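1. Compute the structure for the input listed below.
(one chain, ligands or ions: 1)
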Amino acid sequence: MRTDHQREQGATAGGAPGHGVTAVAHPNIALIKYWGKRDERLMIPYVDSLSMTLDIFPTTTTVRLAPGAPADSLTLDGSPAEGEVRRRVVGFLDLLRERSGRSEPAVVDTHNSVPTGAGLASSASGFAALALAGAAAYGLDPDRTALSRLARRGSASASRSIFGGFAVCHAGRGTGAAADLGSYAEPVPVPDFDPALVIAVVDAGAKAVSSRAAMRRTVETSPLYRAWATSGKTDLAEMRVALRRGDLDAVGEIAERNALGMHATMLTARPAVRYLSPATVAVLDGVLRLRSDGVPAYATMDAGPNVKVLCHPADADRVAEAVRGAAPGCSVFTARRGPGARLTGEAER
Ligand code: DP6
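-> Just a heads-up that it's a prediction; the model follows:
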């Protein structure tokens with residue numbers, strides 16, 4: 001008999017042993033940030049978020065069921081996945097097994113195309129690709145909403161990488177199953193808005209505090225957290241209007257204030273979490289100089305020192321040059337809006 005979850009996920013009899021299913025997903029950058037979980041097990045965010053999926057640095061993941069294997073086998077860019085990464089992926093595979101009513105271990109092979117050591121997180125593209133390939137391998141057939149909800153269980157930002165272009169992730173309401181059901185991403189259709197995002201990698205090193213630990217500490221100890229979460233509601237409403245209008249200045253201003261607010265909550269956590277480095281601040285100064293020179297450019301930063309600068313595509317080269325000047329030695333990449341997660345078909349048996 002199929003369980004409620006199997007029905008909801010559209011479980012089928014697919015996923016025959018021996019098949020490999022491959023999926024590709026791209027990273028996304030939030031313009032309205034998610035920071036903080038109200039349920040860590042179900043990975044339910046406190047706040048709604050809105051992002052742009054990028055057209056660079058996709059993750060490609062193949063999942064193959066391995067009946068009879070003693071355990072899951074995971075490789076990441078050709079090396080065995082270990083530690084926290086392994087724990088999170090195995091936890092996600094356990095969820096797929098629970099939902100599909102199957103028990104086979106899996107062989108998971110993941111390749112990130114982001115340059116090694118670029119300091120850009122790949123958990124969004126990683127769990128979006130794993131959710132899509134893994135669901136298919138275990139014979140689940142979720143619709144895009146259920147897939148986004150599922151990807152959220154791996155990494156909340158992964159829920160948004162299921163979709164191309166702009167996507168909003170709902171934090172949902174209530175607790176338990178109701179919260180799980182209400183928290184998923186959906187596309188925000190803005191066909192005519194196609195800005196550039198210039199990514200300045202000022203430090204490629206691993207972060208001192210994981211985003212998971214940092215957001216927990218922020219929620220528990222920052223006196224500013226609630227104020228930021230509340231003002232984020234206005235930010236999101238205004239962002240939707242700005243996107244519909246294709247108004248880069250408004251989109252950029254809202255994104256920049258929302259990101260700086262998020263970092264303010266971290267700086268006021270106890271003890272403080274400070275991801276921004278002197279090079280980050282130098283790039284932020286460079287962005288201000290661009291604006292005073294009449295170039296619309298707006299910054300956003302995630303759980304690390306790197307800066308993403310939103311601008312018109314025609315200004316991207318000038319922005320990249322300004323960023324290089326502000327933080328000599330940094331690596332610079334330019335992205336545009338990219339596609340949602342997709343299956344590439346089944347691998348050779
Ligand atoms: C600052 O999605 O990486 O990039 O849900 O614990 O996996 P987990 O965290 P993650 O956090 C991303 C936070 C952010 C903002 C954002 O992408 O919305």
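
2. The ligand contacts on the stretch 101-250 of the chain?
-> Taking C-beta under 6 Å from any ligand atom, the part of the stretch 101-250 of the chain that reaches the ligand is made up of Ala121, Ser123, Ser155, Ala156, Ser157, Ser211, Arg212. Every C-beta, even on glycine, is put in place using the N, C-alpha and C of the backbone.

3. Now the second one. Nearest residue, chain neighbours left out?
-> What that stands for is Ser123. The shortest distance from Ser123 to any residue that is not its chain neighbour, by C-beta to C-beta, 6 or more residues apart in numbering, is 4.0 Å, and that residue is Ser155.

4. Point out where the chain drops to low pLDDT.
-> Counting by pLDDT under 70, the chain contains low-confidence residues at 1-19, 116-119, 345-349.

5. What strand or helix carries Ala131?
-> Assigned by DSSP states H and E, Ala131 belongs to helix 123-137.

6. do the same with Val319
-> Secondary-structure assignment from DSSP H and E places Val319 in helix 316-326.

7. try Val168
-> Using DSSP H and E, Val168 sits within strand 166-169.

8. cool, and Asn258?
-> Remark: Asn258 resides in helix 248-267, with elements defined by DSSP H and E.

9. can I see the domain layout of the chain?
-> 4-191, 196-335 (automatic domain parsing).

10. circling back: other residues contacting the helix holding Asn258?
-> 31-33, 35, 193, 195, 214, 218, 222, 224-225, 228, 231-232, 235, 238-239, 241-243, 272-276, 296-302, 310-312 (C-beta atoms under 8 Å, 6 or more residues apart in numbering).

11. Now with 7 Å, please.
-> 31-33, 35, 195, 214, 218, 222, 224-225, 228, 231-232, 235, 238-239, 242-243, 272-276, 296, 298-301, 310, 312 (C-beta atoms under 7 Å, 6 or more residues apart in numbering).

12. From Ala259, how far off is Leu31?
-> Relative to Ala259, Leu31 is positioned 8 Å away (C-beta to C-beta, to the nearest Å).

13. Overlap in contacts, the two.
-> Overlap between the neighbourhoods of Leu31 and Ala259 consists of Thr300, taking contacts as C-beta under 7 Å, 6+ apart.

14. Between those two, tell me which one has more neighbours.
-> When Leu31 is set against Ala259 and neighbours are counted by other C-beta atoms under 10 Å, the residue ahead is Leu31, at 28 against 24.

15. thinking again about what came up before, just list what the helix holding Val319 packs against, helices and strands only.
-> Using 3 or more C-beta pairs under 7 Å, 6 or more residues apart in numbering; DSSP states H and E as the contact definition, the elements that helix 316-326 packs against are strand 196-201, helix 278-292, strand 307-311, strand 331-335.

16. Perfect, that will be all.
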